[in-house]
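1. Could you work out the structure for the sequence below:
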Amino acid sequence: MKRKLNIGLVGYGFMGRTHSNAFLQAPRFFDLPYEPVLKAVCARNADRAKGFASNWGYESIETDWRALVDRKDIDLIDIASPNDTHAEIAIAAARTGKMVLCEKPLGRTAAEAEAMVSAVEGAGVANMVWYNYRRVPAVVLLKALIDEGKLGRIFHYRAQFLQDWTISQDLPQGGEGLWRLDVGVAGSGVTGDLLAHCIDTALWLNGGIAEVTAMTETFVKERTHTLTGQVEPVGIDDASAFLCRFQNGSLALFEATRYARGHKALYTLEINGEHASARWDLHDLHRLQWFDHRDESRVRGWRSIHVTDSDHPYMKHWWVPGLQIGYEHTFIHQFADFLQGLGEGKQTPPTFRDGLATDCVTDAVLKSAKTRQWETVPAAHVKVA
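-> Sure, this is the predicted structure:
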């Protein structure tokens, strides 16, 4: 008989929905050692929390995350609330011995993330950060090809994440739905939001980043704050770009913006090696573009690999070859991996320590943008609680 895993979710927004869907779907498509139980959802608005609980099948609600963390019938706390809540909730949950899952970025700064790592490692609890693009089958295939040496020595890595939803000067900052524009809540703008995804994927695929040189820009300097009604300075970065050198000697370019008119969520990456190159695009997430110089010259060229066969990562759990999956499946894959690792007594990456590694890079990016100099990515300093 499978063991039950009682889940307490904090937050009922976009990420709360993606996580809840993963909790429900993972055991339906994967043979897992645990049975997830949607025990409680926590949000400040009781009526909306009740509606969310009814829709997704949560047994109860709380309006104070502290009450949720203190409940004896909860095994795992999942944090899908704004960035300024991550550290306090995660640390409190770890101190009660609960497993902790957390949306990205882990902390608003590396210092916050260090305290979170200290708490979960000191308590010895399972932990994971929801960097879901590590679970796209095409990206997992690319990881395997890199690890098998198919690309050879890596020379270049480049990534972009482009959106256009904050261009209007009339858009306010702060409050529900717009907290990402409030620096006190978010910590930073696109650096901690969009580039964090690009950086995590890059660290996973290509190893650590040694140094960065960056520039950021805030195009709209003032916005009305939703909560105060006052026009206030905007503290987040609307656009961020940096050059960097990886520890393996390869060079990289990263760019993120919310001011690329016509792009809603264009995340692309390319990696160039001695023998081969690969490209991936979130808008065509089930395909990996591949070029291998070792192919016979008469037929050498870029090919498009449709990642839907049963020997491709995760795909044997889904439909017949040729039928693709989507964004929501990445969260299902990640939660399935977490439960499998839990059953085997293993931590499932990306762990909080992995999330800290990304926060160290984003800290260096923001520092470089201010100093206008190359900055070394700092080493993490974690004192286990």
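2. His283 contacts Gly326, correct?
-> No - taking Cβ atoms under 8 Å as the definition, His283 is not a contact partner of Gly326, at 11.4 Å. In this view, the C-beta of every residue, glycine as well, is placed from N, C-alpha and C.
3. Are we agreed that Gly8 is in a strand?
-> Yes - residue assignment for Gly8, taken from DSSP: H, G, I helix; E, B strand; the rest coil, places it within a strand.
4. The closest residue in space to it that isn't next to it in sequence: neighbouring residues, count only.
-> When the adjacent residues along the chain are set aside, Gly8 lies closest to Ile74, with 4.1 Å between them (Cβ to Cβ, 6 or more residues apart in numbering). Applying other Cβ atoms under 10 Å, we find 22 residues neighbouring Ile74.
5. For Ile74, give me the pLDDT.
-> The predicted structure scores Ile74 at 98 on the pLDDT scale.
6. can you check Ala385 too?
-> Ala385 is assigned 65 on the pLDDT scale.
7. Over to Ala119?
-> The pLDDT attached to Ala119 in the predicted structure is 98.
8. Next: Thr96.
-> Reading off the per-residue confidence, Thr96 sits at a pLDDT of 98.
9. Not counting sequence-adjacent ones, nearest residue to Ala80?
-> Gly11 (3.6 Å).
10. Tell me which residues of the longest helix anywhere in the chain come out buried.
-> Ranked by residue count and defined by DSSP state H, the top helix of the chain is helix 352-371. Along helix 352-371, these residues count as buried under the neighbour rule (16 or more other Cβ atoms under 10 Å): 352-369.
11. same check, this time on stretch 216-236
-> Within stretch 216-236, the residues scored as buried using 16+ other Cβ under 10 Å are 216, 220, 223, 225-226, 232, 234, 236.
12. re earlier: helices or strands next to the longest helix of the chain in the packing?
-> strand 99-102, helix 110-123, strand 127-129, helix 196-206, strand 209-217, strand 239-246, strand 375-376 (3 or more Cβ pairs under 8 Å, 6 or more residues apart in numbering; DSSP states H and E).
13. Could I get the buried residue list for the fifth one?
-> For strand 209-217, burial by neighbour count (16+ other Cβ under 10 Å) applies to 209, 212-214, 216.
14. hang on, the earlier thing: average pLDDT for the longest helix of the chain?
-> Model confidence over helix 352-371, given as mean pLDDT, is 98.
15. angle of it against strand 209-217?
-> Helix 352-371 and strand 209-217 are oriented at 50 degrees to each other (axes from the mean of the first three to the mean of the last three Cα atoms, to 10 degrees).
16. now helix 352-371 against helix 110-123, angle please.
-> Counting by the same axes, to 10 degrees, helix 352-371 lies at 170 degrees to helix 110-123.
17. tell me the angle helix 352-371 makes with strand 239-246.
-> What separates the directions of helix 352-371 and strand 239-246 is an angle of 110 degrees, with the same axes, to 10 degrees.
18. thinking in terms of the whole chain, how far from its middle is helix 352-371?
-> For helix 352-371, the distance from its own C-alpha centre to the chain's C-alpha centre is 14 Å (Cα atoms, centre = their mean, to the nearest Å).
19. Could you list the low-confidence segments of the chain?
-> With pLDDT under 70 as the threshold, the chain has low-confidence stretches at 385.
20. ok, now how distant is Met128 from Pro349?
-> For Met128, the distance to Pro349 equals 8 Å [Cβ to Cβ, to the nearest Å].
21. rewinding a little: OK, contacts around the residue nearest to Gly8?
-> 6-8, 39-40, 68, 98 (Cβ atoms under 8 Å, 6 or more residues apart in numbering).
22. Same question for Trp130.
-> Taking Cβ under 8 Å, 6+ apart as the test, what Trp130 contacts is 15, 19, 101-104, 331, 334.
23. and with 10 Å instead?
-> Trp130 makes contact with 15, 18-19, 22, 78-80, 101-104, 106, 330-331, 334-335, 338, 350, 355 under the criterion Cβ atoms under 10 Å, 6 or more residues apart in numbering.
24. Show only the entries of these found in helices.
-> Secondary structure defined by DSSP H assigns 15, 18-19, 22, 330-331, 334-335, 338, 355 of these to helices.
25. Need those residues in TSV (columns: distance to His86).
-> Listed next are the ones in helices among the contacts of Trp130 as TSV, based on distance: Cβ to Cβ, whole Å:
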residue	distance to His86
Met15	12
Thr18	17
His19	14
Ala22	19
Thr330	20
Phe331	18
Gln334	17
Phe335	18
Phe338	18
Gly355	10
